[in-house]
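> sequence-free structure coming up:
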């Protein structure tokens with residue numbers, strides 16, 4: 001699957017965002033190495049602490065369905081300025097490898113692409129335990 005197709009999934013997931021407090025919608029779409037796609041959106045809570053990011057929603061769905069073979073994830077936040085996964089999401093993704101491709105986009109044609117290891121250098125992972 002090419003990046004534009006994965007970004008389209010993230011844009012669709014973004015529309016399902018429950019973000020009544022921040023009004024900042026985020027959608028994410030994970031592609032596994034086996035070709036499956038899992039999407040997620042951010043879900044806010046009035047008490048803020050239990051709020052979950054789109055990336056972690058998608059990853060939770062992915063893992064709960066038995067898939068841990070992540071290839072890449074597309075993330076769409078603002079449609080004007082590229083948004084990147086927060087530190088918590090970067091560390092959550094890191095559990096499954098530091099070579100995961102992170103695609104941060106505002107549209108199917110405006111995006112950046114990095115390896116997770118570039119966005120989370122000198123990271124801590126399962127091999128460090």
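On my side now, so go ahead. It should be emphasised that the depicted structure is a prediction, and the values quoted were computed from it without experimental measurement. Residues are numbered from 1 along each chain as shown.

> So residue 60 lies in a helix, does it not?
Yes - counting by DSSP: H, G, I helix; E, B strand; the rest coil, residue 60 is part of a helix.

> you'd agree it is up against residue 43?
No - counting by CB atoms under 8 Å, residue 60 stays clear of residue 43, with 10.8 Å between them. The way it works is simple: take the backbone N, C-alpha and C, and place the C-beta from them, glycine included.

> Looking at these two, which is more packed in?
More neighbours surround residue 43 than the other of residue 60 and residue 43, with 17 against 14 (other CB atoms under 10 Å).

> Quick check: chain neighbours aside, which residue is closest to the more buried one?
Distances taken as CB to CB, 6 or more residues apart in numbering place residue 18 nearest to residue 43, at 4.8 Å, with adjacent residues excluded.

> dump the residue contacts of the one you found.
Going by CB atoms under 8 Å, 6 or more residues apart in numbering, residue 18 touches 41-44.
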